[in-house]
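# the sequence isn't on hand, but the structure is:
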């Protein structure tokens, strides 16, 4: 199979230079303005291999969804574009904007069903080539840990004991706050959930078979509440960026954040990281969330070139080159070992070995997103109990299910 794919890819790439030189250059839309150098290196390598020029055209992240939709509606969308996962990306496909990637060589063969899940719409169409996943870690200051005789905790109980020791020494254990209204859910809670719930069990919660105020979810909220005493006194005014800055300045020993923040939190700090530890008696989990894929514009004036680029990204050869240049903390989704040896990507992948890996819990239940954030913030402020939060979330989900 790999030999056949290589032949197909080679034949496709051989045909590209003449096609593209006759018709101009392609464009790649994205919400990551900070990745110009890295993506530029990837596209330059592709041009070197094929003669096909692709120009990176990112949009400010907060404006990307609306801008892209306006462009696609107007028939002026980029030839290729970064795709959100799950409902965000599926909505564009269901409106006819995407190339069907299940027809792209390598997509079905080189990505697992789990990887493809986040890029498949309700009709079974794969709307983007899976590109990168993210995870969530507890980043820690190695020097502060060493100075206080603290080892990397293996269990949640050991984690709390480390926090107690740091607090007793006058050190803020965790830099996280609630001002961002997303990171307390996505980075903190969602890093905890795979320690308590398997992917199969997650589906049972999504369908309503299991209740979101059962004993498992009560335990999750109770354990989340145990983190509150270790947050900064100014938690109400701290967002993700400020938390990372507080950590790099040595004002906190740890910060719970995404893999994408590795470059930020390692700036001037001897940083280590570990996946959020499970309570004693629970199987260790690992948060691994499909973050984005690369989609093809079904209305592109360069359909063959678009499909050839997607074919290249779906191959181990293309994915290996991508892994060498994409920013630290973005984990390749292809089912092949493409991470550069000794890289941060390899170290992050190693954290997930042998653990229950699953995506962010709320992503098929986005109607609950604001409810989760509101209830978590209320727990942090001391205005809600874990049981009350579980009941509120369950009631909100039952109301959503009743609409279907």
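Great, that's in hand. Keep in mind that what you see is a predicted model, and the values were worked out from it rather than measured.
# would you confirm that residue 307 belongs to a helix?
Yes - Residue 307 sits within a helix when classified using DSSP: H, G, I helix; E, B strand; the rest coil.
# residues near it, how many?
18 (other C-beta atoms under 10 Å). Placement of C-beta: from N, CA and C, glycine included.
# run a quick check on it versus residue 104, I expect a contact.
Yes - judged on C-beta atoms under 8 Å, residue 307 makes contact with residue 104 at a distance of 6.3 Å.
# now the element after the helix or strand of the chain with the lowest mean pLDDT, going C-ward?
Within the chain, confidence by mean pLDDT, DSSP states H and E is lowest for helix 2-23 among all helices and strands, at a mean of 38. As assigned by DSSP states H and E, the chain's next helix or strand after helix 2-23 is strand 26-30.
# that next one pairs with which strands?
Strand 26-30 has its sheet partners listed here by DSSP bridges as strand 54-58 (parallel), strand 80-83 (parallel).
# with mean pLDDT and mean neighbour count as extra columns, can I get the ones you listed in TSV?
TSV is the format used below for the strands paired with strand 26-30 (pLDDT from 0 to 100; neighbours: other C-beta atoms under 10 Å):
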stretch	mean pLDDT	mean neighbour count
strand 54-58	97	18
strand 80-83	98	28
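# could you pull out the strands in the stretch 301-404 of the chain for me?
Assigned by DSSP state E, counting those that start in this stretch, the stretch 301-404 of the chain shows strands spanning 331-332, 356-358.
# and of those strands, who's closest to residue 182?
When the strands of the stretch 301-404 of the chain are compared by C-beta to C-beta, strand 356-358 sits nearest residue 182, at 19.0 Å.
# for the closest one, what is the average pLDDT?
Strand 356-358 shows a mean pLDDT of 92.
# need the residues that contact it.
Strand 356-358 has contacts (C-beta atoms under 8 Å, 6 or more residues apart in numbering) with 193-195, 197-199, 202, 283-288.
# so how far is it from its chain's centroid?
13 Å (C-alpha atoms, centre = their mean, to the nearest Å).
# can you list the buried residues in stretch 212-224?
Neighbour-count burial for stretch 212-224 flags 212-213, 216-218, 220-221, 223-224 (criterion: 16 or more other C-beta atoms under 10 Å).
# how about these in a markdown table, adding secondary structure, pLDDT and distance to residue 65?
Below are the buried residues of stretch 212-224 laid out as a markdown table (DSSP: H, G, I helix; E, B strand; the rest coil; pLDDT from 0 to 100; distance: C-beta to C-beta, whole Å):
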| residue | secondary structure | pLDDT | distance to residue 65 |
| --- | --- | --- | --- |
| 212 | coil | 98 | 28 |
| 213 | coil | 98 | 32 |
| 216 | helix | 98 | 33 |
| 217 | helix | 98 | 30 |
| 218 | helix | 98 | 35 |
| 220 | helix | 98 | 30 |
| 221 | helix | 98 | 31 |
| 223 | helix | 98 | 34 |
| 224 | helix | 98 | 29 |
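# filter the contacts of strand 356-358 down to the buried ones, ChimeraX style.
In ChimeraX, this line selects whichever of the contacts of strand 356-358 come out buried by 16+ other C-beta under 10 Å:
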select :193,194,195,197,202,284,285,286,287,288
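# need the max-distance pair from the contacts of strand 356-358.
Across these, no pair lies farther apart than 202 and 284, at 16.3 Å, counting by C-beta to C-beta.
# related to what we said a few turns ago, want to try TSV for the contacts of strand 356-358, with secondary structure as columns?
Putting the contacts of strand 356-358 into TSV (three-state DSSP) gives the following:
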residue	secondary structure
193	helix
194	helix
195	helix
197	coil
198	coil
199	helix
202	helix
283	coil
284	coil
285	strand
286	strand
287	strand
288	strand
